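Sequence first, then the predicted structure:
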Amino acid sequence: MRIALARRGYSSTGGAEAYLSRLAQGLVENGEEVVLYSSNEWPVRAWPYGKIRCISGDTPLRFARALHTQKRDFDCLLSLERVLRCDVYRAGDGVHASWLCRRRKFEPAWKAWFRSLNSKHREILKLERFAFNPCCTALVITNSRMVLEEILRYYNFPRERIMLIPNGVWPQPVSSKDRMYIRSRYGLSSKEIVVLFAGTGWQRKGLRFAVEAVRALRGQAKLLVVGQGPSRHTPPHTIFAGPASCITPFYAAADVFLLPTVYDPSSNACLEALASGLPVITTPSNGFSELLGNEELGNVVEVGNVGSLTAALERWLPQEKRATGRRARVEAAAAFSVEKNVQRTLDAIKTTVGL
C-alpha cells in the first residue's frame with residue numbers, strides 16, 4: 001500500500017515531526033511505501049523513509065490548496081495538517097477553536113480582540129472546519145479523549161469516525177553519565193533538585209507558571225528549561241538551556257518533570273519523561289493527564305494555580321518519594337509503545353481505504 005503523509009514546515013525538536021518519523025519508520029518496516037508531502041523546510045537527511053514532494057507552504061491555506069491539486073497516486077492520504085480533503089486526519093495539534101478559548105482566560109481582552117482580526121487564526125479556523133467536516137475527512141485520529149470531546153463539542157463530527165490512538169514512546173534509557181554531564185554543563189550539583197520544563201511555545205506551555213512555582217520553593221529546586229523562546233531575562237532559580245535535538249540526557253539529569261500547560265493535545269515530552277522514571281506534574285488541559293490515574297505517576301493541577309503547583313513540587317522533593325514510584329512510572333509508560341501506536345494507525349488506514 002502506498003501511503004501519503006502530509007506535514008507543513010519542519011522543526012528538529014518538534015513533537016509532530018518526531019511522531020511522523022516514528023510512524024513512517026514503522027510503516028516502512030511493515031512493508032508499506034511512504035511519500036511525504038511537505039514544504040521546503042524538511043531536510044532530506046531527516047527523512048530516510050521514501051520520497052519528499054515539496055509543495056507551497058508559506059501559509060497553512062496555501063499548503064492545503066497545493067496539496068489538494070496534487071495527483072492522487074497513492075492509496076491513502078494521512079495528514080497531520082488541517083487540509084481541504086484527506087482520508088485520515090490526525091488531530092495532533094488539537095482543536096484551534098478550543099485553544100483560542102482557553103488562552104483568553106489568561107490574557108487581557110484587548111489581546112483576544114486583536115487576535116480575532118489576525119488573518120492567520122481566521123485561516124486556521126477555516127481549515128479546521130474542512131478537517132472536521134465528514135464530507136472532507138473519512139476518519140479522524142486523536143491522541144487523547146480531551147481532543148475527541150472538543151471535536152464533538154465544536155464541530156459535531158460523527159463519533160463513530162473518530163479513533164483514539166494514544167501517543168507511543170520508545171524506552172528511555174537513563175544514563176548516570178548523561179546525568180553528570182548535563183548537571184556539570186549547567187552548573188548544577190549532584191544534590192540539587194532539578195525540575196525540567198521542555199517545549200516550544202512558552203505561553204501555551206505555561207512556562208510563567210513553572211517559573212513562579214519554582215521561585216516559591218525559595219531555593220529548594222532549580223528549573224531547567226529546554227526549548228526555544230524569548231528569554232529576555234533569567235528569573236531566579238531558572239536556567240535556560242535553549243533548544244536540544246536530543247532531550248534524553250536532560251531527562252536523566254532531572255528529578256521532576258513540570259508542564260503546567262494552558263493547552264496541549266497530549267504532550268510527547270510528558271510521556272517520555274514518564275518513561276524515564278520521572279514524576280510528571282501537568283494540568284487537565286493536557287490530554288496526557290488522562291494517563292496519570294495513579295499518584296505514584298505524578299499530579300494534575302489546575303491551570304494557573306501556582307500555589308497548587310508549588311505544593312505538588314514540594315511533594316516530590318524527598319529523594320525517597322521519587323525513588324519509590326520510579327518502576328511504576330516506567331511500566332506505565334511501557335504500555336504506550338511506538339509499535340502499538342503504529343499498528344493501530346495502520347489498522348485505521350486499512351479500515352478507511354477498505355483493505
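Alright, I've got the coordinates.

Next, residue 329: secondary structure please.
Here residue 329 is recorded as helix under DSSP: H, G, I helix; E, B strand; the rest coil.

how close does it get to residue 316?
Distance, residue 329 to residue 316, by Cβ to Cβ, to the nearest Å: 12 Å. For the C-beta atoms, the positions are set from N, CA and C on the backbone; glycine is no exception.

Give me the common contacts of those two.
Taking Cβ atoms under 8 Å, 6 or more residues apart in numbering as the criterion, residue 329 and residue 316 both touch residue 279.

Show me where the stretch 51-200 of the chain has its helices.
Under the criterion DSSP state H, counting those that start in this stretch, the stretch 51-200 of the chain contains helices at 60-68, 96-103, 109-116, 119-131, 145-155, 176-185.

Please work out the average pLDDT along the longest one.
Mean per-residue pLDDT for helix 119-131: 94.

okay, the worst-scoring helix or strand of the chain on mean pLDDT in PDB with CA atoms only?
Taking mean pLDDT, DSSP states H and E as the measure, helix 109-116 is the helix or strand of the chain with the lowest mean score, a mean of 76. This file holds the C-alpha atoms of helix 109-116, laid out as PDB (Å, rounded to 0.1, in the frame of the first residue of the first chain):
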ATOM      1  CA  ALA A 109      -9.500  41.300  26.500                       C
ATOM      2  CA  TRP A 110      -7.700  43.600  24.000                       C
ATOM      3  CA  LYS A 111      -5.300  40.800  23.000                       C
ATOM      4  CA  ALA A 112      -8.200  38.500  22.200                       C
ATOM      5  CA  TRP A 113      -9.800  41.200  20.200                       C
ATOM      6  CA  PHE A 114      -6.700  41.900  18.100                       C
ATOM      7  CA  ARG A 115      -6.300  38.100  17.600                       C
ATOM      8  CA  SER A 116      -9.800  37.900  16.100                       C
END
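
just how off-centre is it within its chain?
Distance of helix 109-116 from the chain centroid (Cα atoms, centre = their mean, to the nearest Å) equals 26 Å.

The residue lying closest to residue 142 once chain neighbours are set aside and residue 123: what is the separation?
Closest residue to residue 142 apart from its sequence neighbours, by Cβ to Cβ, 6 or more residues apart in numbering: residue 148 at 4.6 Å. For residue 148, the distance to residue 123 equals 24 Å [Cβ to Cβ].

between the two, which one's more packed in?
Higher neighbour count among residue 148 and residue 123: residue 148, with 21 against 16, using other Cβ atoms under 10 Å.

Look up how far residue 155 lies from that one.
With Cβ to Cβ as the criterion, residue 148 and residue 155 are 11 Å apart.

repeat for residue 149
Going from residue 149 to residue 155 by Cβ to Cβ gives 11 Å.

And for residue 232?
In this structure, residue 232 and residue 155 are 38 Å apart, going by Cβ to Cβ.

I'd like the helices of the stretch 51-200 of the chain laid out as CSV, including distance to residue 164.
Shown next, in CSV, are the helices of the stretch 51-200 of the chain (distance: least, Cβ to Cβ, whole Å):
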stretch, distance to residue 164
helix 60-68, 25
helix 96-103, 16
helix 109-116, 30
helix 119-131, 17
helix 145-155, 6
helix 176-185, 34
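
Quickly list what residue 222 is bridged to.
Applying DSSP bridges to residue 222 gives these bridge partners: residue 194.

What's the local residue count around it?
Close neighbours of residue 222, defined as other Cβ under 10 Å, add up to 23.

Could you pull up the residues touching it?
Contacts for residue 222 were tallied using Cβ under 8 Å, 6+ apart; they are 188, 192-195, 214, 237-239.

Would you mind telling me which of residue 232 and residue 155 has the busier surroundings?
Between residue 232 and residue 155, residue 155 has the larger neighbour count (other Cβ under 10 Å), namely 16 against 5.

is it true that the more buried one touches residue 130?
No - in this structure, residue 155 is not within contact of residue 130 by Cβ atoms under 8 Å, at 10.3 Å.

hang on, isn't residue 342 packed against residue 26?
Yes - using Cβ under 8 Å, residue 342 is in contact with residue 26, at 3.1 Å.

Residue 167 is nearest to which of the helices of the stretch 51-200 of the chain?
Residue 167 lies closest to helix 145-155 among those, at 11.7 Å (Cβ to Cβ).

Which secondary structure elements does the closest one sit against?
Contact analysis of helix 145-155 by 3 or more Cβ pairs under 8 Å, 6 or more residues apart in numbering; DSSP states H and E lists helix 96-103, strand 137-142, strand 162-164 as its packing neighbours.

what comes up buried for the last one?
Taking 16 or more other Cβ atoms under 10 Å as the neighbour-count basis, strand 162-164 is seen to contain the buried residues 162-163.

Okay then, goodbye and thanks.
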